[in-house]
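> Below is the structure, and that's it, no one-letter string:
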């Protein structure tokens, strides 16, 4: 058997790692209309009206609430879109993006 007849097989171990997740957090304020918050949750996060209203009450009662958990790029994009929409309507709504704690 010559060298030309020899075949080498290589096995590659590929371990897929899930991307880290980030929390999108709405911060309560006294100027942003609750209707706007509900609408933004429906429009940008695809929540039902009932769920959006429940989250909005949670934001109002607790000062802030996590509205979504998603990969960084998507969380950042959603936060920017909501903030831009709020500013265009004259609302000071603040949206934070923070890493999700992994337990």
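Thanks, I have it. Remember, it's a predicted structure, so these values are computed and weren't measured experimentally. Residues are numbered from 1 along each chain as shown.

> Would you map the helices across the protein?
Listed in chain order, the helices of the chain (DSSP state H) span 34-45, 49-62, 72-88.

> Nearest to residue 12, out of those?
Minimum separation from residue 12 across the helices of the chain (Cβ to Cβ) falls at helix 72-88, 27.1 Å. C-beta: built from backbone N, CA, C; applies to glycine.

> ok, residues contacting that closest one?
Contacts to helix 72-88, defined as Cβ atoms under 8 Å, 6 or more residues apart in numbering, come from residues 19-20, 22-24, 26, 32, 36, 40, 43-45, 68-70, 92-97.

> List the buried residues for that helix?
Residues 75, 78, 79, 82, 83, 85, 86 are the ones in helix 72-88 that count as buried (16 or more other Cβ atoms under 10 Å).

> roughly how far apart are the last one and residue 67?
Using Cβ to Cβ, to the nearest Å, residue 86 is found at 13 Å from residue 67.

> Roughly how far does the most centrally placed residue in the chain sit from residue 14?
By Cα atoms, centre = their mean, the chain has its centre lying nearest to residue 75, at 3.3 Å. Taking Cβ to Cβ as the measure, residue 75 and residue 14 are separated by 26 Å.

> do the same with residue 102
Taking Cβ to Cβ, one finds residue 102 at 22 Å from residue 14.

> Next: residue 43.
Relative to residue 14, and taking Cβ to Cβ, residue 43 is found at 38 Å.

> Which of these two has more residues huddled nearby?
Comparing residue 43 with residue 14 by other Cβ atoms under 10 Å, the one with more neighbours is residue 43, at 13 against 4.

> ok, now which ones touch that one?
Counted by Cβ under 8 Å, 6+ apart, residue 43 has contacts residue 85.

> gap between it and residue 82?
9 Å.

> Now mean pLDDT and distance to residue 5 too, for the helices of the chain, in TSV please.
Shown next, in TSV, are those (pLDDT from 0 to 100; distance: least, Cβ to Cβ, whole Å):
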stretch	mean pLDDT	distance to residue 5
helix 34-45	98	61
helix 49-62	97	66
helix 72-88	97	49
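
> out of these, which comes closest to residue 9?
Short answer: helix 72-88, nearest of the helices of the chain by Cβ to Cβ, at 37.2 Å.
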